[in-house]
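Asks: Whatever this is, show me its structure:
(chains A and B)
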There are 2 protein chains.
Amino acid sequence: MATSVVPAVREQEGNILERCRGFMSPPVTDINVLQARKDEMRTRMEMLIMETQAEFCKALEEVDGGKFKVDRWQRKEGGGGISCVMQDGKAFEKAGVNVSVVFGNLTEEAARQMRSRGKVLKGKDGKLPFVAMGVSSVIHPKNPHIPTVHFNYRYFEVEEEDGSKQWWFGGGTDLTPIYINEEDALHFHKTLKDACDKHHSQYYPDFKKWCDRYFYVRHRGETRGIGEVFSFVKSCARTVVPCYLPIVYEHLNDSFTQEEKDWQQVRRGRYVEFNLVYDRGVKFGLATPGSRIESILMSLPLTARWEYMHEPAKGTREAEMLEVLRNPKEWV
Amino acid sequence: MATSVVPAVREQEGNILERCRGFMSPPVTDINVLQARKDEMRTRMEMLIMETQAEFCKALEEVDGGKFKVDRWQRKEGGGGISCVMQDGKAFEKAGVNVSVVFGNLTEEAARQMRSRGKVLKGKDGKLPFVAMGVSSVIHPKNPHIPTVHFNYRYFEVEEEDGSKQWWFGGGTDLTPIYINEEDALHFHKTLKDACDKHHSQYYPDFKKWCDRYFYVRHRGETRGIGEVFSFVKSCARTVVPCYLPIVYEHLNDSFTQEEKDWQQVRRGRYVEFNLVYDRGVKFGLATPGSRIESILMSLPLTARWEYMHEPAKGTREAEMLEVLRNPKEWV
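Replies: Numbering: from 1, shown residues only, chains lettered A, B, ... in the order given. Below is the predicted model:
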């Protein structure tokens, strides 16, 4: 079982205060608290998600020339978040990068659900303190030749009666192209594979298979919290900028036609459907008391379109894209 | 318990073949079968939903000048449907009117769910034959001064071991205005109230209360199949044209600004959210094997918009609309 003891071999993560200076906003948790428990996993994870948010936002601001609107919000039941949104920019129609850190006691219902999944949890006086945190982002670019990207890295911790802690890490990055581009797909998967291979040669093939089932080109790890996993999540979170930004720069000035823009709108409609009907994060968010709807739904595109019986003509690039979506392909 | 015996006092419904001539397409069930069992409730209901579809489509074609595209589809597990869709018309951006009639044997899971809701069902050799049918429609007009309308009337029948049948009827009509218009709301509720009052003076106030909880100005009846209920559902289905068309004609040539069009797009975003996250019909449809996705999702608007933290300025008509949505009002 995992505990809050930090693995002996871990890389230097530096001074808390200094690292906070680069963030989009002070972290959700008070800096004094973070400093006091700087070796705990929850602190290391909060620092990692704040850092991921800052790195990604800054890289996007540099491409776009615009600035993110930064909103801090508090959850009355415990915790809060930082939402960064850029709307109607030069390169991005809507870009959102969210951090949230929420804590409290697990509801009876949630604890029962975890038990039914085979996790035995013993609370103190019936109470199970938990922390859930994560960084998530969805980027909808203007140019239909730049794919939409989504990523999310999260951490969940429950404290049991004897003070011991159970952890879970999860997350992933997925790319949703409007048109298929072999080079982009290769670059994207290669970057993720390299990050995986650093930890275990079976990670990439296993996760890739899992993701094809869950969603197109979604790379996701769901693992119990064991020492090695934090560095894995960290490696993956760090790939967000190198995965996506080269693709953005590559296509930033590509010209596009009205037909291409229309196809982008139809694809965005599908994106909305997936997000509202299936996405687990959205479902969990909408069902959690005190959650901030505007932050959960910032993932929806600024505009979308639903055409009845839309089916691209045979032999078009739109049809080629659909083909890949219907039959996932091995990229690397 | 309800049986398939027709109540003695029922109005004349006329000759099947003659009535079919006015439909958008031949009914789902073979006409010979309908004629052979013309007194059964399922036949009377299929005729009613086909008639409602035809009346409504024709009234909309008359306003718009365009024609509905009519698609017949078959469900390999049993039954099928007729989807009528008009897209990019003069008055309507997207208008859909669906009929579906599906039958087969209840899955174990569905039967269990019905049992857990207190309905005891005894099948023959473990099989419970069912029929589910309905007419549903969503209209998205171009002009933001014409509200969106949605209605749905449905029927569900299960046959038990001894050949006796249980029925359920349900349905309702709801209006989603982009801007509040007292006169339109009054007209709408008055027409529905009159239809309800014909049957029972407590129907309208009870259903109105129920609807305010489920959705804004949704008028819905969910009742077990007893003789009187069919005429009630029939009365309600017949109010669709008189409820909505006068409002369409009233605002058909209203001028509108870009701001008003933008607000319509934002409201449509909310519509998509409701449909994909909460709507029971959509949920049921997406979870039913063999259902036709394009028919279920025809309710989505052609275009929609999600602005982060959109909040109309105080004192505007957009703010006035939101106020009514947040605090349902008694109209009649």
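
Asks: helix or strand for A:E273, which one?
Replies: Taking DSSP states H and E as the criterion, A:E273 maps to helix A:258-277.

Asks: Name the residues that touch that helix?
Replies: A:140, A:144-145, A:148, A:176, A:178-179, A:215, A:282, A:299-301, A:303-307, A:310, A:312, A:318, B:272-273, B:276-277, B:286, B:297, B:300, B:303-304 (CB atoms under 8 Å, 6 or more residues apart in numbering or on different chains). Where C-beta positions appear, they are placed from N, C-alpha and C, glycine not excepted.

Asks: okay, A:E294: pLDDT?
Replies: Here, the pLDDT recorded for A:E294 equals 90.

Asks: Please read the previous query as pertaining to A:W210.
Replies: Confidence at A:W210, expressed as pLDDT, is 67.

Asks: Show me where the stretch 151-300 of chain A dips below the pLDDT cut-off.
Replies: Along the stretch 151-300 of chain A, segments meeting pLDDT under 70 span A:210-229.

Asks: In it, mark out all the helices, start to finish.
Replies: Assigned helices in the stretch 151-300 of chain A, in chain order: A:182-197, A:203-214, A:227-238, A:240-251, A:258-277, A:280-287, A:293-296 (criterion: DSSP state H, counting those that start in this stretch).

Asks: what about the third one, distance to the chain center?
Replies: Right, the one you point to is helix A:227-238. How far helix A:227-238 lies from its chain's middle: 14 Å, per CA atoms, centre = their mean, to the nearest Å.

Asks: give me every residue that touches A:A95.
Replies: By CB under 8 Å, 6+ apart, the contact list for A:A95 reads A:L60, A:D64, A:F68, A:V85, A:M86, A:Q87, A:G89, A:S137, A:V138, A:I139, A:H140.

Asks: Please list which of those are also close to chain B.
Replies: A:V85, A:Q87 (CB under 8 Å from any CB of the partner chain).

Asks: hmm, back to that, among the contacts of helix A:258-277, which lie within strands?
Replies: Judged by DSSP state E, the subset of those located in strands is A:H140, A:T148, A:T176, A:T303, A:A304, A:R305, B:T303, B:A304.

Asks: Closest one of those to B:R75?
Replies: Lowest distance from B:R75 to the ones in strands among the contacts of helix A:258-277 (CB to CB) belongs to A:R305, with 27.6 Å.

Asks: And the closest one, how far from chain B?
Replies: Taking CB to the nearest CB, to the nearest Å as the measure, A:R305 falls 5 Å from chain B.

Asks: quick one: the nearest residue to that residue once chain neighbours are set aside from A:H251, how far?
Replies: Counting by CB to CB, 6 or more residues apart in numbering or on different chains, A:R305 lies nearest to A:Q265, which is 3.7 Å off, once chain neighbours are set aside. Here A:Q265 is placed at a distance of 18 Å from A:H251 (CB to CB, to the nearest Å).

Asks: With A:G81 instead?
Replies: Computed with CB to CB, the distance linking A:G81 and A:H251 is 31 Å.

Asks: Could you tell me what pLDDT the model assigned to A:A110?
Replies: In the predicted model, A:A110 carries a pLDDT score of 71.

Asks: wait, A:Q87
Replies: A:Q87 is assigned 95 on the pLDDT scale.

Asks: tell me the phi and psi of it?
Replies: Per-residue torsions, A:Q87: phi -120, psi 140 (degrees, to the nearest 10).

Asks: Run a quick neighbour tally on it.
Replies: A:Q87 sits with 20 neighbouring residues when counted by other CB atoms under 10 Å in any protein chain shown.

Asks: now A:N152
Replies: Neighbours of A:N152 under the rule other CB under 10 Å: 22.

Asks: what residues are up against it?
Replies: Counting by CB under 8 Å, 6+ apart, the residues that A:N152 touches are A:G134, A:V135, A:S136, A:S137, A:G171, A:G172, A:G281.

Asks: residues from the stretch 1-150 of chain A in reach of chain B?
Replies: Close to chain B, as judged by CB under 8 Å from any CB, the stretch 1-150 of chain A has residues A:K69, A:D71, A:V85, A:Q87, A:K94, A:G96.

Asks: Can you flag which of those residues belong to helices?
Replies: Judged by DSSP state H, the subset of the residues of the stretch 1-150 of chain A next to chain B located in helices is empty.

Asks: Turn those into CSV, columns for distance to A:S235.
Replies: Converted to CSV, those look like this (distance: CB to CB, whole Å):
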residue, distance to A:S235
A:K69, 30
A:D71, 29
A:V85, 27
A:Q87, 31
A:K94, 28
A:G96, 24
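
Asks: Buried ones among the residues you listed?
Replies: Listed as buried from the residues of the stretch 1-150 of chain A next to chain B are A:D71, A:V85, A:Q87, A:K94, A:G96; burial here means 16 or more other CB atoms under 10 Å in any protein chain shown.

Asks: Surely the last one is in contact with A:G89?
Replies: Put plainly, it is A:G96. No. Checked against CB atoms under 8 Å, the pair A:G96 and A:G89 is beyond contact range at 11.7 Å.

Asks: Please report how far the residue in the stretch 1-150 of chain A positioned nearest to chain B lies from A:D174.
Replies: Per CB to the nearest CB, A:V85 is where the stretch 1-150 of chain A lies closest to chain B, at 4.6 Å. According to CB to CB, A:V85 stands 20 Å off from A:D174.

Asks: A:G269 now?
Replies: Going from A:G269 to A:D174 by CB to CB gives 18 Å.

Asks: Settle it for me: which of those two has more neighbours?
Replies: Taking neighbours as other CB under 10 Å, A:G269 and A:D174 compare with A:G269 leading, 23 against 20.

Asks: Could you see whether chain B lies near stretch A:318-325?
Replies: No. Applying CB under 8 Å from any CB, one finds stretch A:318-325 out of contact with chain B, separated by at least 14.2 Å.
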